[in-house]
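Asker: Mind folding the following:
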Amino acid sequence: MNKLLIPALLAALVAGCSSTPVDETAGAPVESRSGAGVTPVTAGGLDSRGLPKELTDPKSVLSRRSIYFDLDKYEVKDEYRDLVAAHAKYLVANRGFKMLIQGNTDERGSREYNLSLGQKRSEAVKRSLVLLGATEDQVESVSLGEEKPKNPGRDEAAWSENRRADMLYKAPDGRGEF
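Answerer: Alright, predicted model coming up:
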């Protein structure tokens, strides 16, 4: 009896582990999670980079993509809270979109200090976006330190423009700013 039981169990195990062929040309199912009262992106109305015009239209708050910081600081100032909230709302309504936040500093300070400060700035913006509903995997934070100045000048006015975090978008199809 045992001689027949073991082959039968092995046959059942092999049969249970077999699978049916999968159509690899079919896409994965997609779940839609639009925020309440928020309209997701619709087809059409894209700019040359493939981004919805509401992200690039100068009349839209979403076209503003820089958060500025005080010298040696990385807290998001109150004056930028509504801007960050608008971008968070957009990411919540458009879960397929990704954002890269680039933290920047002025030229003062060592390279190491500036890279660290730039990272803290980008992470502060990311933290705010995530607290407002964006997902961790939608937002990436990096530091550029002093390597990408907005203003090449060497005075306080120029330095204040360089102390910032820039928010860049990428659409679900891979088109966008990064």
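Asker: contacts and neighbour counts: CA atoms only from here.
Answerer: Will do.
Asker: Not counting sequence-adjacent ones, nearest residue to V84?
Answerer: Among residues not flanking V84 along the chain, L129 sits closest, at 6.5 Å (CA to CA, 6 or more residues apart in numbering).
Asker: before we move on, what about V92?
Answerer: For V92, ignoring the flanking residues on the chain, the nearest one in space by CA to CA, 6+ apart is A134 at 5.3 Å.
Asker: follow-up on the earlier one: quick one: the residue nearest to V84 from N94, how far?
Answerer: The spacing between L129 and N94, counted by CA to CA, to the nearest Å, is 13 Å.
Asker: Counting neighbours, what do you get for the residue nearest to V84?
Answerer: Applying other CA atoms under 10 Å, we find 24 residues neighbouring L129.
Asker: I figured L55 hits L62, correct?
Answerer: Yes - counting by CA atoms under 8 Å, L55 touches L62, with 5.0 Å between them.
Asker: A88: what's it in contact with?
Answerer: L129, V130, L132, G133, A134 (CA atoms under 8 Å, 6 or more residues apart in numbering).
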